[in-house]
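> Based on what follows, work out the 3D shape:
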Amino acid sequence: MIGKLFLTFAKIGAFTFGGGWAMISIIEREVVDKHHWLDKTEFLDLLAVAQSMPGILAVNISVVVGDKLRGLKGAVASALGTITPSFLIILLIAMFLTPEAITTNPTLTAIFKGIRPVVVALIVAPVFTSARSAGIGLRTAWIPVVVALLIWSKWPVVSNPIVYIVLGGFIGWLMATRSHRLLHKTDKSNESDSSR
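Sure, this is the predicted structure:
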């Protein structure tokens, strides 16, 4: 299982351009759809944890998935799998190509221009699938839109994403506490009704 985690995340790391968000749909396909290691809800919960952690999203999601499946060894194997292909590719580029050669080579420039639209699609696709899985519908779609606009606005306090992560976690905790209390209250009233 440890080797399978390493190979799965190495494959993801080797063939993903555009960083963490571009990797999410590929990670979900491998972890949820192909290997059935997690269900969709678990994956979304781990994605939320990975996003709230400091660091690179792709490595964070691989660490939390590996930790969930096989503890510390799984986390290390998944992280190494994600990092190794990028490290080797950058090492090869640094050894054989100068920065000038990359920017002036017409073939490389054409390849990167072709990759850009695909990267945008890879980033946008998980946004919609995550929104659908998280239960965001017409009634709640305004929340991510307003938060995105506020972050984009560049106003000093409201443009800080950390504020919304903390606020979202706090509101989620309040809602969970409230629903737990209501459930507990309902159970007590049902017990008192059955004892009569």
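
> Next, the buried residues of the helix or strand harbouring Ala77.
Using DSSP states H and E, the element containing Ala77 is helix 57-96. For helix 57-96, the buried set under the neighbour-count rule, 16 or more other CB atoms under 10 Å, comprises 57-70, 74-83, 85. C-beta coordinates here come from the backbone N, C-alpha and C atoms, glycine included.

> just checking, what packs against it?
helix 2-14, helix 20-28, helix 40-52 (3 or more CB pairs under 8 Å, 6 or more residues apart in numbering; DSSP states H and E).

> For Val120, which of those helices is the nearest?
helix 20-28 (8.8 Å; CB to CB).

> At the geometric centre of the chain, which residue do we find?
Residue closest to the mean C-alpha point of the chain, counted by CA atoms, centre = their mean, is Leu47 at 4.0 Å.

> what about this structure, any weak spots by pLDDT?
Within the chain, the segments meeting pLDDT under 70 span 17-20, 126, 129-130, 133-134, 187-196.

> Let me see the domain layout of this protein.
1-135, 138-196 (automatic domain parsing).

> Tell me which of the ones you listed is the most buried.
domain 1-135 (a mean of 16; mean count of other CB atoms under 10 Å).

> Run the chain-centre distance for that domain.
9 Å (CA atoms, centre = their mean, to the nearest Å).

> Which residue is the nearest non-sequential neighbour of the residue nearest to the centre of the chain?
Ile61 (6.2 Å; CB to CB, 6 or more residues apart in numbering).

> Hmm, the one you found is touching Ile27, no?
Yes: applying CB atoms under 8 Å, one finds Ile61 in contact with Ile27, separated by 5.9 Å.

> which residues touch Trp37?
For Trp37, the contact set (CB atoms under 8 Å, 6 or more residues apart in numbering) comprises 31, 65, 69.

> cutoff 7 Å now
Trp37 is in contact with 31, 69, counting by CB atoms under 7 Å, 6 or more residues apart in numbering.

> start the count at 40, not 1, going forward
I'll keep to 40 as the first residue from here, and by that count the last item is Trp76.

> Reduced to three states, what does it come out as?
coil (DSSP: H, G, I helix; E, B strand; the rest coil).

> and it, how far is that from Trp181?
Distance of Trp76 to Trp181, computed by CB to CB, to the nearest Å: 34 Å.

> Could I get the phi/psi values of Thr137?
phi -90, psi 160 (degrees, to the nearest 10).

> Kindly report the same for Leu177.
The phi/psi pair for Leu177 (degrees, to the nearest 10) is phi -60, psi -30.
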